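Asker: got a sequence here, can you model it:
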Amino acid sequence: MQSTRSFTDKLFLVIKGLGMGAANKVPGVSGGVVAFVAGFYEEFIYSLQKVNSKAFKLLINGRFKSFFRYINGRFLSLLFLGMIVSYFSVSKILDFLIVHYELYVWSVFFGMIIGSIYYINKDFKEWNSRTVIALCIGIIIGVGISFLDPAKENDNLWFVFLCGIISVSGMTLPGFSGSFILILLGNYVLLLVDSVNALYDTIFDIFKGDFSFINNPVRVKTLKVLGVFTLGSGAGLVTFSHILNYVLKHYKSITLSILMGFIIGSLGVVWPWKKTLYKTTEDGALLLDTTGEKIIENYRRFMPEINSETYIAIAYIILGILIVLALEWYGQKTRKVDV
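Answerer: Residues are numbered from 1 along each chain as shown. As a prediction, the model looks like this:
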């Protein structure tokens, strides 16, 4: 692994973080797929699992440079910088595009998932009865999750912490969408819309010198929820990375088979031709979040009609596949010089 990175490498790493952050926010899409296809998934897992007792000893003893080097800090900091920026930029643009161009956005993601399946499968040579069974298990879990009914919103801090642990799986498990899991847990709007908007408004208020939000109990509670969710996500990242690092070392072929199954199973979630269903009251009135947006409840899938819109959507599916092939090409180029 390179100890130094060129400016171009650093820039591309931030861009990869942007891609992971945007993918993590879209229900049905996994940031782990971006890491896998772009060729830095194993380095990502390896770096996260270095956040262990030795790392904390270095930190407590004030050996900050050693700590930063030990956890591959430059790689992680640039990647997470991209993810953070994404939540306030790229993911906002995606929110807009999904509202106004829903079919085409889902078509691109559908194509990217298909391209990801091709990418993982093309170099996988260890097909046998065990890996086929593992693949089927992954598909069954992925499809089963996509048809579950969402729960009601719950802002209990222990449950929010658990949501953080579970939702971060989308970054470490390709094909396992953390944001879609949050929809099923009932907390997608609370944790990825309301909380992020509250943080954005708070930062904006601080820059203006306005600290009146301290006396706003709703804002304070939402920020507290976001803080607990962030702690849970951090705990989940470290925990999952240790588990995945172990299974990738000892059961790599079976693990890759299950991950491939997850990705195949997630195709149902990102199926472009679907109608978005929104939460309503018993008398049929739409329920809105704190920003006035309609709250997504689930999707109803249907087969496309043969028309110009469908042909355009198919073109976007092809575009999604080409994006993955481009990421694969860049990942191969990077791997030749990294290790």
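
Asker: where in this protein is the helix or strand with the lowest mean pLDDT?
Answerer: Least confident helix or strand, the chain: strand 296-301 with a mean of 61, by mean pLDDT, DSSP states H and E.

Asker: contacts only, for residue 272.
Answerer: 103-104, 106-107, 110, 304, 313, 317 (Cβ atoms under 8 Å, 6 or more residues apart in numbering). For every residue, glycine as well, the C-beta is placed using N, CA and C.

Asker: scratch that, residue 191
Answerer: So residue 191 contacts 160, 163-164, 167, 182, 225-226, 229 (Cβ under 8 Å, 6+ apart).

Asker: now the longest helix along the chain: buried residues?
Answerer: Ranked by residue count and defined by DSSP state H, the top helix of the chain is helix 217-250. Buried residues in helix 217-250, counted by 16 or more other Cβ atoms under 10 Å: 219, 222-223, 225-226, 228-230, 232-233, 236-238, 240-242, 244-245, 248.

Asker: how about stretch 123-134?
Answerer: 131, 134.

Asker: pLDDT on it, on average?
Answerer: Summarised as a single mean, pLDDT over stretch 123-134 is 86.

Asker: so where's the chain uncertain?
Answerer: 1-6, 27-28, 90-92, 95, 149-151, 170, 175-176, 276-302, 327-328, 330-339 (pLDDT under 70).

Asker: so what's the residue lying closest to residue 85 once chain neighbours are set aside up against?
Answerer: Once flanking residues are discounted, residue 85 sits nearest to residue 18: 6.3 Å by Cβ to Cβ, 6 or more residues apart in numbering. When contacts are counted by Cβ under 8 Å, 6+ apart, residue 18 touches 82-83, 85-86, 89-90.

Asker: for the residues you listed, work out which two are farthest apart.
Answerer: Between any two of the contacts of residue 18, the greatest separation by Cβ to Cβ is 11.0 Å, found for 83 and 89.

Asker: tell me how far the closest residue to residue 205 other than its chain neighbours lies from residue 219.
Answerer: Closest residue to residue 205 apart from its sequence neighbours, by Cβ to Cβ, 6+ apart: residue 213 at 5.4 Å. Plainly put, residue 213 is 5 Å away from residue 219 if you go by Cβ to Cβ, to the nearest Å.
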